[in-house]
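**Student:** the following comprises the amino acid sequence and a computationally predicted model.
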Amino acid sequence: MKTDQPEAFAVLRRHIEAFAKISDMEWEMLLPHLELKLLCRQEFLIREGKKATEVGFVIDGMFRQYYTKDGEEKTTYFFFENHFISSYISCITGKPSLITIEALSDVLYISFPYRTLQQLFEKNMAWQKFGRLMAEYLTIGPEERMASLLLQSPEERYLDLLTGSKKKIIERVPQHYIANYLGITPVSLSRIRNRLLKK
């Protein structure tokens, strides 16, 4: 985790420009508001019930996002390097977050205030385009997640992790969190894995 600040900021700029090309002058509008932060494993980016005010971009490490219902955690998403991350609905509405985002490892990430983004959206067309495309990008994950829970069996969801773009989850996330993400117990996950190995 030795990335220095200029290198980290350059990575962020490249990923912003995957959404919208920005000039040096437009980049300078955001640059003073960027902060490189370190979270230790099991620390929180945001906790349920707190108002979110920041958007993050993961440089190194991984996060888990979950809801809590009757004291039970329901994992909904994992974030790895080069992911934008936020309790975005809380940022937009100003209401307390319904989700918790926890570091599953030591994490290096870039933080910037959501209100700064709002101001940039108002001032500049390139930043406005970035905001629109990022919002569209942030809606894809939850919709795909909802569809998989409604339409697929646990075994089909696990196979998707093995073969799809979410392979990092299998490679890096502890098994009990993967089971929670799939909506099954660790024992059921072991049975699925054993069944697939026999095939």
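**Tutor:** Noted; the coordinates are in hand.
**Student:** can we go C-alpha only for contacts and neighbour counts from here?
**Tutor:** Fine.
**Student:** flag the shaky bits of this structure, pLDDT-wise.
**Tutor:** Applying pLDDT under 70 to the chain flags residues 1-3.
**Student:** that one: strands as residue ranges?
**Tutor:** Along the chain, counting by DSSP state E, strands occupy 35-39, 44-46, 54-60, 63-69, 72-79, 84-85, 100-103, 107-113.
**Student:** what about the helices in the protein?
**Tutor:** Along the chain, the segments classed as helices by DSSP state H run 5-16, 24-30, 88-93, 114-123, 125-151, 154-163, 167-172, 175-182, 186-198.
**Student:** the first one - contacts with which helices or strands?
**Tutor:** Going back to what we said before, that points to helix 5-16. Judged by 3 or more Cα pairs under 8 Å, 6 or more residues apart in numbering; DSSP states H and E, the packing partners of helix 5-16 are strand 54-60.
**Student:** the strand it packs on pairs with which strands, parallel or anti?
**Tutor:** strand 84-85 (antiparallel), strand 107-113 (antiparallel) (DSSP bridges).
**Student:** could these be laid out in a markdown table, adding distance to Pro96 and mean neighbour count?
**Tutor:** What follows is these, written out as a markdown table (distance: least, Cα to Cα, whole Å; neighbours: other Cα atoms under 10 Å):
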| stretch | distance to Pro96 | mean neighbour count |
| --- | --- | --- |
| strand 84-85 | 16 | 22 |
| strand 107-113 | 16 | 22 |
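**Student:** which of the ones you listed sits closest to Phe63?
**Tutor:** Between Phe63 and the strands paired with strand 54-60, the tightest spacing by Cα to Cα is seen for strand 107-113, at 7.9 Å.
**Student:** which strand residues bridge the closest residue in space to Ile85 that isn't next to it in sequence?
**Tutor:** The shortest distance from Ile85 to any non-neighbouring residue, by Cα to Cα, 6 or more residues apart in numbering, is to Gly56 (4.9 Å). Going by DSSP bridges, Gly56 is paired in beta bridges with Ile85, Ser111.
**Student:** residues contacting Gly56?
**Tutor:** 84-86, 109-112 (Cα atoms under 8 Å, 6 or more residues apart in numbering).
**Student:** what do you get if the cut-off is 10 Å, keeping everything else the same?
**Tutor:** 12, 34-37, 45, 82-87, 108-114 (Cα atoms under 10 Å, 6 or more residues apart in numbering).
**Student:** again, but for Ile170
**Tutor:** Contacts of Ile170 by Cα under 10 Å, 6+ apart are 158, 161-162, 178.
**Student:** again, but for Tyr67
**Tutor:** With Cα under 10 Å, 6+ apart, Tyr67 has these contacts: 47-48, 73-76, 97-101.
**Student:** got it, and Lys198?
**Tutor:** Listed by Cα under 10 Å, 6+ apart, the contact set of Lys198 is empty.
**Student:** same deal with Leu36?
**Tutor:** Counting by Cα under 10 Å, 6+ apart, Leu36 touches 3-6, 8-9, 56-59, 108-112.
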